[in-house]
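K.L.:
Pasting the sequence and the predicted coordinates here, then a few questions.
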Amino acid sequence: MALLEIRNLHVKVENHEILKGIDLTINAGEVHSIMGPNGSGKSTLAQVLARRENFQVTQGEVLYDGKDLLAMKPEEAACEGVFLAFQYPVEIPGISNAYFLRSALNAVRKYRGEDELDAMDFIPMFKKKMKLLDMDDKLMNRSVNEGFSGGEKKRNEILQMAVLEPKLAILDETDSGLDIDALKIVANGVNALRSPERAMVVVTHYQRLLNYIVPDYVHVLVDGRIVKSGGKELALKLEDKGYSWVEAEATA
Amino acid sequence: MSNVATTSRELGNYLEAFTEFAKRAPGQNQGWLRKLREDAFAYFCEVGFPTTHDEDWRFTNVSAIAQTAFRLPPEAVNVSAEQVEPFRLGGAACELVFVNGRFDPKLSSVNSLPKGVSAGSLAEEIRRDPKPLERYLGQYLNTQRDVFCALNTAFLEDGAYVHIGRGTVLEAPIYLLFVTTAGEAPVMTHPRNLIIAEEDSQATVVEDYVSLGAGVAFSNAATELVAGEHTVLSHYLIEREHTDAYNVSTLRLQQGRSASVASHSVLLGGGLVRNNVHPVLAGEGADCLINGLFIGNGHQHMDNYMLVEHASPHCASRQFYNGILDGHSRGVFHGRIIVHKEAQKTDAKQTNRNLLLSDDAQIDTKPQLEIYADDVKCTHGATIGQIEEDELFYLRSRGIDEPAARRLLLYAFASECLERMKPGPVRARIEELVNEWLFHTEPGSPEPGNAAQERALHWEEVG
């Protein structure tokens, strides 16, 4: 059974159809990249999978681990192992990074029937994961994302992913705003989490990230539809030729 | 008392109470004190309770207070140590317990006070050695402008008297617990506190208002805090009476040269609450932090009236008030800053942030800047909003369920105020109380879990 199966997904935002019939099957252990020009619906797809509520699904279904993902609340999807690394991570003043992540981890553990972790158990693990992403310990006690640089915010997303150990990780333009050093650190963090049980969806506009997180499959999303799928070489071709040739092919 | 004229029906009740009170009030043999009380009562009779036509009371209707026949509490009310136990603050330097405004030595403990600090009953101090009090008592509160202060002064009987000697540093807080035991008849209390911190001293004083038993009660407290030169002081007000209580409290801070004072107010309880904070930065280089958090639900009404007076050069004031309002509750923030002509280089800042959790909750926020000096920095800002959907989704997307995510965000919002308090037993207690509120009420849920809300209706409907 596939980990994620999207069938004929149509999604509207404020009465405007953004996704116009997406079909996509992802198996555990695979890394898929979704590429496409701005406004093609990449982020909408990512957010619908994370169960953001202001999207209206008009047709289709999404099976995650055999369950109806679209019937889940965001927290249920998260507890079931879906993780979205946000394109624009939200700043939450007044909640420390460590407290937030421990609350999140304990919510997930509780859902799975596991014991909650106290601060004594949590902190060493948290520090280890921070090291993986080359993050300063000081960020642990700072408010979530508040005053973080762009790169720190993106690293913080991957840190959360490393702590929560999801089954399906969706990275929404995690590369945007990163310089090459930060990009490598983030990619290393992501690669350390690749495993046969875990699938990843890497949403990006540019090919560069895919030099470091090498996908098994590349899909090109244009105007709410997947117009082309292929292997990692497709990303290189897009880099070389731009999106216009697939768009032309799609409309031909 | 020829100038006492009752102009309306309601005042008759107060006249009766005052006449009785005058016979037994402590220190009536002191001319100055008797005059202080009589003048205050005369002013009260002349002006009566304010109405919403009064600019300072535009958003708060006190007619329910005016129309209730409150009585002074009976002399002896027995409150046991067990009843008070849950309220106590561990780690205090001393605990003074006042039952219906009167000092209760059995419930209090003043044993561990270091040299240079005295804390006890104001009534006792008036009986023991009234003369030195003349310099302070009633010298700072404006009893000819504020009716509630006048009323408090007219019925000035007991409260805390705290004296911090020159150069004394008291690390543990002085804890003042005010218990009202409302019975069948509506009771009024007028606790009066005098806190004197001599030059170069440091201390923390906590006023905590609680209720025992249900029933209508009116606490009208007033505190004069005199911060001498180069003092560092913190004052906390915690209001957690039940929702049948009316609570008016006034904190008047008099700050000398380089005195640094923090006022923290936390309003969680009470049906109709008016919190007046009035610092006067009288000495050069003084600074004050006016920090507050008010959290309302049901039909609670919480009015915060700040009056920050800059009277000397190079003083700084910071006002930060955060409000969280759910159900049908209503909040008011009135932030008045007066910069007198001589107060050059004033640096005054005011911020009021509010979260409305329901469609029926309401906030009125009003800055009022009066600047008579020409070289000053004054800023003010207010925000009113709801819980951010983006933040909520972010937390939920990490597995935290919606009620817990809401609580976290509200706690974070409250934390902005909590974090301005020095870590220690007082802050820990306040954090506990805020958490209790968050877990108790399921904020933002359509049915506020406030059982007393219907009883609290009456004051909103009158007038």
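P.N.:
Structure's in. What do you need?

K.L.:
can you tell me the helix or strand for the closest residue to chain B within the stretch 51-200 of chain A?
P.N.:
In the stretch 51-200 of chain A, the residue that lies nearest chain B is A:Gly94 (2.9 Å; Cβ to the nearest Cβ). For every residue, glycine as well, the C-beta is placed using N, CA and C. Applying DSSP states H and E as the criterion places A:Gly94 in strand A:92-96.

K.L.:
got the angle between whichever helix or strand comes after that strand and strand A:92-96?
P.N.:
Taking DSSP H and E as the definition, the helix or strand that follows strand A:92-96 towards the C-terminus is helix A:97-111. Here helix A:97-111 points in a direction 70 degrees away from that of strand A:92-96 (axes from the mean of the first three to the mean of the last three Cα atoms, to 10 degrees).

K.L.:
Which secondary structure elements does helix A:97-111 sit against?
P.N.:
For helix A:97-111, the contact count by 3 or more Cβ pairs under 8 Å, 6 or more residues apart in numbering or on different chains; DSSP states H and E identifies helix A:74-79, helix A:119-132, strand A:143-144, helix A:150-164, helix B:402-418 as packing neighbours.

K.L.:
follow-up on the earlier one: how far away from the center of its chain is the strand holding A:Gly94?
P.N.:
Mean C-alpha position of strand A:92-96 versus that of the full chain (Cα atoms, centre = their mean, to the nearest Å) differs by 22 Å.

K.L.:
Can I get that strand in PDB? Just the C-alpha atoms.
P.N.:
These are the backbone C-alpha positions of strand A:92-96, laid out as PDB (Å, rounded to 0.1, in the frame of the first residue of the first chain):
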ATOM      1  CA  ILE A  92       5.200  33.000  18.100                       C
ATOM      2  CA  PRO A  93       6.400  35.500  20.800                       C
ATOM      3  CA  GLY A  94       6.200  34.200  24.300                       C
ATOM      4  CA  ILE A  95       6.600  30.500  23.700                       C
ATOM      5  CA  SER A  96      10.100  29.200  23.900                       C
END
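
K.L.:
residues in contact with the closest residue to chain A within the stretch 351-463 of chain B?
P.N.:
Taking Cβ to the nearest Cβ as the measure, the point where the stretch 351-463 of chain B comes nearest chain A is B:Ala412, at 2.9 Å. Taking Cβ atoms under 8 Å, 6 or more residues apart in numbering or on different chains as the definition of contact, the neighbours of B:Ala412 are A:Ile92, A:Pro93, A:Gly94, A:Ile95, A:Ser143.

K.L.:
hang on, the earlier thing: quickly run through the sheet partners of the strand holding A:Gly94, with directions.
P.N.:
Pairing partners of strand A:92-96, with direction, according to DSSP bridges: strand A:143-144 (antiparallel).

K.L.:
Show me the strands in chain A, by range?
P.N.:
For chain A, applying DSSP state E gives strands covering A:4-13, A:16-26, A:31-35, A:56-64, A:67-68, A:82-85, A:92-96, A:143-144, A:168-172, A:199-204, A:217-222, A:225-230.

K.L.:
deepest of these, which one?
P.N.:
strand A:82-85 (a mean of 27; mean count of other Cβ atoms under 10 Å in any protein chain shown).

K.L.:
what's that one packed up against?
P.N.:
Taking 3+ Cβ pairs under 8 Å, 6+ apart as the contact cut, strand A:82-85 packs with helix A:42-49, helix A:150-164, strand A:168-172.

K.L.:
Mind checking the pLDDT average for that strand?
P.N.:
When pLDDT is averaged along strand A:82-85, the result is 98.

K.L.:
Flag every residue of chain B that's near chain A.
P.N.:
Near chain A, the residues belonging to chain B are B:388-391, B:393-402, B:404-405, B:408-409, B:411-416, B:419 when assessed by Cβ under 8 Å from any Cβ of the partner chain.

K.L.:
CA atoms only for stretch B:138-156, dumped as CSV, please.
P.N.:
Once non-C-alpha atoms are left out, stretch B:138-156 reads as follows in CSV (Å, rounded to 0.1, in the frame of the first residue of the first chain):
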residue,chain,number,x,y,z
GLY,B,138,-3.7,61.4,52.8
GLN,B,139,-0.9,63.6,51.4
TYR,B,140,-0.7,61.9,48.1
LEU,B,141,-4.1,60.5,47.2
ASN,B,142,-6.3,63.1,45.9
THR,B,143,-9.3,63.0,48.1
GLN,B,144,-10.8,66.2,46.6
ARG,B,145,-10.8,64.9,43.1
ASP,B,146,-11.4,61.2,43.2
VAL,B,147,-14.6,60.1,44.9
PHE,B,148,-13.5,56.6,45.7
CYS,B,149,-10.3,57.8,47.3
ALA,B,150,-12.4,60.3,49.3
LEU,B,151,-14.7,57.5,50.4
ASN,B,152,-11.7,55.3,51.4
THR,B,153,-10.3,58.2,53.3
ALA,B,154,-13.6,59.0,55.1
PHE,B,155,-13.7,55.4,56.3
LEU,B,156,-10.0,55.1,56.8
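
K.L.:
Give me the contacts around it.
P.N.:
Among residues not part of stretch B:138-156, those counted as contacts by Cβ under 8 Å, 6+ apart are B:14, B:17-18, B:21, B:25, B:33, B:36-41, B:43-44, B:47-50, B:72, B:137, B:188, B:190-192, B:220-222, B:224, B:226, B:248, B:250, B:252, B:254, B:274, B:276, B:280.

K.L.:
can you check stretch A:44-51 too?
P.N.:
Stretch A:44-51 has contacts (Cβ under 8 Å, 6+ apart) with A:4, A:9, A:11, A:13, A:18-19, A:22, A:34, A:55, A:57, A:62, A:69-70, A:72-74, A:76-78, A:82-84, A:87, A:168, A:170, A:172, A:201, A:203, A:221, B:397.
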